[in-house]
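Engineer: below: sequence and its predicted model.
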Amino acid sequence: MLRKAFWLFGVSVFLLILFLPGYTKLQELRDRNRDLEEKIKQLQIENTLLQQELSRVERDSVYQEKIIREKMGVVRKGEVPVKVVPEIRD
């Protein structure tokens, strides 16, 4: 009986040693997969927002002008650009 228990214990330890690294790797891959799926969701949301922005830029000329003025600093012919500098407090 003791001998049978010893063999059972030995086989259990052997199987644990054999399968533990694979199980650990499986858990790491599951975690990485979960992280990548979350990143995919975030990128899909960002992509949708960018597609909406592009659609708006393509259709709305007033919005186009606003973006050009704000991001590129373009002014119309005859306009004088004015830059407001914040006051520095000591």
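Structural biologist: Thanks, I have the structure now.
Engineer: from the chain's centre, how far out does the longest helix along the chain sit?
Structural biologist: In terms of residue count, the longest helix belonging to the chain (DSSP state H) is helix 2-59. Computed by Cα atoms, centre = their mean, to the nearest Å, the chain-centroid distance of helix 2-59 equals 16 Å.
Engineer: list the helices and strands that helix packs on?
Structural biologist: Contact analysis of helix 2-59 by 3 or more Cβ pairs under 8 Å, 6 or more residues apart in numbering; DSSP states H and E lists helix 61-72 as its packing neighbours. Placement of C-beta: from N, CA and C, glycine included.
Engineer: and the angle for the longest helix of the chain with helix 61-72?
Structural biologist: Here helix 2-59 points in a direction 110 degrees away from that of helix 61-72 (axes from the mean of the first three to the mean of the last three Cα atoms, to 10 degrees).
Engineer: what mean pLDDT does helix 2-59 have?
Structural biologist: Averaging pLDDT along helix 2-59 gives 92.
Engineer: and Thr24, how close does it get to Leu18?
Structural biologist: Separation of Thr24 from Leu18 (Cβ to Cβ, to the nearest Å): 12 Å.
Engineer: same thing with Val75?
Structural biologist: According to Cβ to Cβ, Val75 stands 73 Å off from Leu18.
Engineer: okay, those two: which has more neighbours?
Structural biologist: Legend: neighbour count by other Cβ atoms under 10 Å for Val75 and Leu18, higher for Val75 (12 against 9).
Engineer: ok, the more buried one - contacts?
Structural biologist: By Cβ atoms under 8 Å, 6 or more residues apart in numbering, the contact list for Val75 reads Arg69, Pro81.
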